[in-house]
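Participant: A predicted structure for the sequence below; I have some questions about it.
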Amino acid sequence: MSTNKPQRPNYFWSMLTMKCPRCRKGPMFKDQNPFHVKFSKIFNMYENCPVCGQQYELETGFWFGTGYVSYALSVAFSVFNLIWYAVFFGISWRDNSIFIWLGINGVLLVLLQPWLMRLSRAIYLYFFVYYDDDTAKLERFHRHKD
């Protein structure tokens, strides 16, 4: 007797690739690359998951909470940058290396901001919507039926 149970998609990989938290297959954003779109269209999302139908905006004003997630991501990224910069170059007030790090960190944060803002939306949605095995089974059933 073979129990050929399909493997559940990886939680963190699904979040980093901004897939639906319920089925972990459908994309959240219409254009997957945040750097190829106009800044005004960076949050151009599907209303519902194209695979399982999960609604993305759970209530009016839902996305306001992503500001906190975005802030935490930016602080974590800055601390990471401070650590690697201190390890490889050293930081001192005497030679102004702290200001060089601040400049490098600021430029990196600005360049990565489109991705960080989208990632904060994905992380925030993953707080409230959980993976559903039944939805995944139903989606596989419909795919094999066609």
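Facilitator: That came through, no problem. Numbers count the residues shown, from 1 in each chain.

Participant: Only C-alpha atoms from now on, for both contacts and neighbour counts.
Facilitator: Noted.

Participant: where are the low-confidence patches of this structure?
Facilitator: 1-6, 135-146 (pLDDT under 70).

Participant: Centre-most residue in this protein?
Facilitator: residue 119 (2.4 Å; CA atoms, centre = their mean).

Participant: In terms of helix, strand or coil, where does that residue fall?
Facilitator: When classified by DSSP: H, G, I helix; E, B strand; the rest coil, residue 119 comes out as helix.

Participant: Touching, it and residue 16? I think so.
Facilitator: Yes - using CA atoms under 8 Å, residue 119 is in contact with residue 16, at 6.7 Å.

Participant: quick one: the helices in the protein?
Facilitator: Ranges of helices in the chain, per DSSP state H, are 11-16, 66-88, 97-128, 133-145.

Participant: before we move on, back to that, how much space between the residue nearest to the centre of the chain and residue 65?
Facilitator: Distance from residue 119 to residue 65, counting by CA to CA, to the nearest Å: 13 Å.

Participant: Check residue 110 too.
Facilitator: The value you get for residue 110 to residue 65, if CA to CA is used, is 21 Å.

Participant: what's the answer for residue 49, then?
Facilitator: Distance from residue 49 to residue 65, by CA to CA: 20 Å.

Participant: which one of residue 110 and residue 65 has more residues nearby?
Facilitator: residue 65 (13 against 10; other CA atoms under 10 Å).

Participant: Residue 69 touches residue 120, doesn't it?
Facilitator: Yes - Residue 69 lies in contact with residue 120 (CA under 8 Å); the separation is 5.4 Å.

Participant: on that earlier part again, so which of the helices of the chain gets nearest residue 28?
Facilitator: helix 97-128 (7.8 Å; CA to CA).

Participant: Grab the nearest non-local neighbour of residue 51.
Facilitator: residue 26 (5.1 Å; CA to CA, 6 or more residues apart in numbering).

Participant: quick one, what contacts the closest residue to residue 15 other than its chain neighbours?
Facilitator: Of all residues not flanking residue 15 in the chain, residue 122 sits nearest, at 6.1 Å (CA to CA, 6+ apart). Taking CA atoms under 8 Å, 6 or more residues apart in numbering, we find residue 122 in contact with 15, 16, 18, 19, 28.
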